[in-house]
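>>> Sequence and predicted model, in that order:
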Amino acid sequence: QLQLVESGGGLVQSGGSLRLSCTASGVALGAYTIGWFRQAPGKEREEIACINRPGTIATYPDSVRGRFTTSRDNAANTVTLQMNSLKPEDTALYYCAARLNVWSCAMENMGYWGLGTAVIVSS
């Protein structure tokens, strides 16, 4: 059974950077598409990055493109999310999630979720 644990969240000033990690245990991560999602207080959860199994393709919504970058090390069973130029509106609980084999991060189809790590960006 795949288990995911996020880490690296914290408090940062506007314009700063954070690096989140998603570490998998239980099975090899290489067979899974990984998505990053976030949920701000009072808002719906949204997808912010999706990376394919070999780590050769990553997609981002307009809200974070050019500021956030995701990458993966399948040998280390870890996916990272580098977040630069952070804004107060990036404040949220950040999750990683996994889907076996299929290249898609549609939220309703992600089979495995971590518990999240909080990111707070002060103005």
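Happy to help now that I have it. Numbering: from 1, shown residues only.
>>> so what's the residue most central in space within the chain closest to, chain neighbours aside?
Central residue of the chain (C-alpha atoms, centre = their mean): residue 36, 2.6 Å from the mean position. Residue nearest to residue 36 in three dimensions, not counting chain neighbours: residue 49, with 4.1 Å by C-beta to C-beta, 6 or more residues apart in numbering. Every C-beta, even on glycine, is put in place using the N, C-alpha and C of the backbone.
>>> show me the contacts for the residue lying farthest from the centre of the chain.
Distance from the C-alpha centroid of the chain, by C-alpha atoms, centre = their mean, peaks at residue 123 (22.7 Å). Contacts for residue 123 (C-beta atoms under 8 Å, 6 or more residues apart in numbering) come out as 14, 88.
>>> measure it to residue 86 for me?
Going from residue 123 to residue 86 by C-beta to C-beta, to the nearest Å gives 11 Å.
>>> what residues are shared contacts of the two?
By C-beta under 8 Å, 6+ apart, the residues touching both residue 123 and residue 86 are residue 14.
>>> follow-up on the earlier one: can you report how many residues neighbour the residue nearest to residue 36?
Using other C-beta atoms under 10 Å, residue 49 has 24 neighbouring residues.
>>> just the one 10 residues further on next, same as before
For residue 59, the count of nearby residues is 15 (other C-beta under 10 Å).
>>> swap in residue 61?
12.
>>> for it, helix, strand, or coil?
With DSSP: H, G, I helix; E, B strand; the rest coil as the basis, residue 61 sits in coil.
>>> Go ahead and confirm it touches residue 47.
Yes: using C-beta atoms under 8 Å, residue 61 is in contact with residue 47, at 6.7 Å.
>>> about what we covered before: can you list the buried residues in the helix or strand hosting the residue nearest to residue 36?
Using DSSP states H and E, residue 49 falls within strand 46-51. Across strand 46-51, burial judged by 16 or more other C-beta atoms under 10 Å covers 47, 48, 49, 50, 51.
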